[in-house]
Structures are given as structure tokens and as C-alpha cells.
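Enquirer: One predicted model, sequence on top.
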Amino acid sequence: ARPQLNRSRGQVPNAPQRPVSAYIRYARDHRKEVAASVGGGVLEHGRELRRRWEAMGAEGRRQYFDKAKESLVAFEQAVTECKSSAADQKLQAKRIKQARDLAPTPVQSPTRQRQASAFSMWVSANHSRILESVAAQPERRGWFF
């Protein structure tokens with residue numbers, strides 16, 4: 001099982017995978033046979049598979065092209081089904097959002113103000129005295145007011 005990749009926006013999870021080409025089908029069918037006869041590494045296997053594919057006539061390739069075409073038709077049908085179900089899901093999500101937007105919002109309590117600190121309460125209680133003392137001391141002007 002392949003690990004789940006991070007999908008970019010707009011891609012639908014569980015979307016059908018694109019079918020493989022005729023050549024890939026041929027390579028899957030004959031890779032073990034080529035590996036046993038040629039030996040070497042993956043590069044040599046690929047070269048031999050390509051050589052055999054090119055040497056094969058149009059009639060030999062036809063079966064692989066037919067299978068690829070059948071799987072492509074099935075893929076296109078699955079994609080249309082997936083898109084329609086994705087569109088249905090988007091429409092349903094849109095309707096739910098509209099219903100939430102139209103629902104009455106609960107009445108919120110009036111905004112609560114922070115409780116005054118002891119210093120601010122003292123300043124408000126002694127405001128006039130503070131102003132008098134600052135006015136009487138010109139050298140302190142600018143320090144508090």
C-alpha cells in the first residue's frame with residue numbers, strides 16, 4: 001500500500017487513478033521474463049523491453065491497446081461519477097453554510113469591561129487633589145500631567 005500523499009487544493013480524495021498505457025501493460029506482463037533472460041539492472045531490462053515492444057508487430061500490440069482503451073473508458077466513467085458526487089458534496093456544504101448564515105444569531109451579552117485597577121480607582125477619587133498639587137509645584141509639571 002502506498003502512503004497517502006498530501007493532496008493539493010481542488011483534488012478529491014479517493015479519486016480514480018489514471019489507467020496505464022499499452023506499453024506499461026506489456027512491460028508489466030514481460031518484466032520477469034526479461035529479467036531472467038537478460039540479467040543486469042533495471043536500465044538493461046527497460047532497453048530490452050523497449051526493443052521487444054518495437055519488434056512486435058501491430059497485431060501483437062493490438063491486445064494491449066484494446067485493454068488500455070477499455071480501462072480508459074472505465075476511468076472516464078469513474079471520473080464523471082466522482083465529479084458528480086464531489087459536486088453534490090459541494091452543493092450540500094454550500095446549503096449547510098447558507099442555512100447557518102440565515103439562522104438567527106444568539107443575542108450576545110453587552111461587552112464586559114475590565115474591572116478597574118486600584119490605581120485607576122484612586123486616581124479617579126483623588127483627581128482634583130492631584131491637579132491642585134501639580135499646579136502648586138511647577139517644577140513637577142510634565143511628570144504626571
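Expert: That came in fine, so what should we check first?
Enquirer: which SS state does residue 20 fall under?
Expert: Following DSSP: H, G, I helix; E, B strand; the rest coil, residue 20 is assigned to coil.
Enquirer: And it, how close does it get to residue 93?
Expert: To residue 93, residue 20 is 34 Å away according to C-beta to C-beta, to the nearest Å. Where C-beta positions appear, they are placed from N, C-alpha and C, glycine not excepted.
Enquirer: For this protein, just list every one of the helices.
Expert: Using DSSP state H, the helices of the chain run over residues 22-38, 42-55, 58-102, 118-125, 127-136.
Enquirer: Of all those, which one is nearest residue 14?
Expert: helix 58-102 (7.8 Å; C-beta to C-beta).
Enquirer: what angle sits between the closest one and helix 42-55?
Expert: 110 degrees (axes from the mean of the first three to the mean of the last three C-alpha atoms, to 10 degrees).
Enquirer: what inclination does helix 58-102 have with respect to helix 22-38?
Expert: Going by the same axes, to 10 degrees, helix 58-102 makes 130 degrees with helix 22-38.
Enquirer: on that earlier part again, present the helices of the chain as TSV; the columns should include mean neighbour count.
Expert: Below are those laid out as TSV (neighbours: other C-beta atoms under 10 Å):
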stretch	mean neighbour count
helix 22-38	14
helix 42-55	13
helix 58-102	12
helix 118-125	10
helix 127-136	11
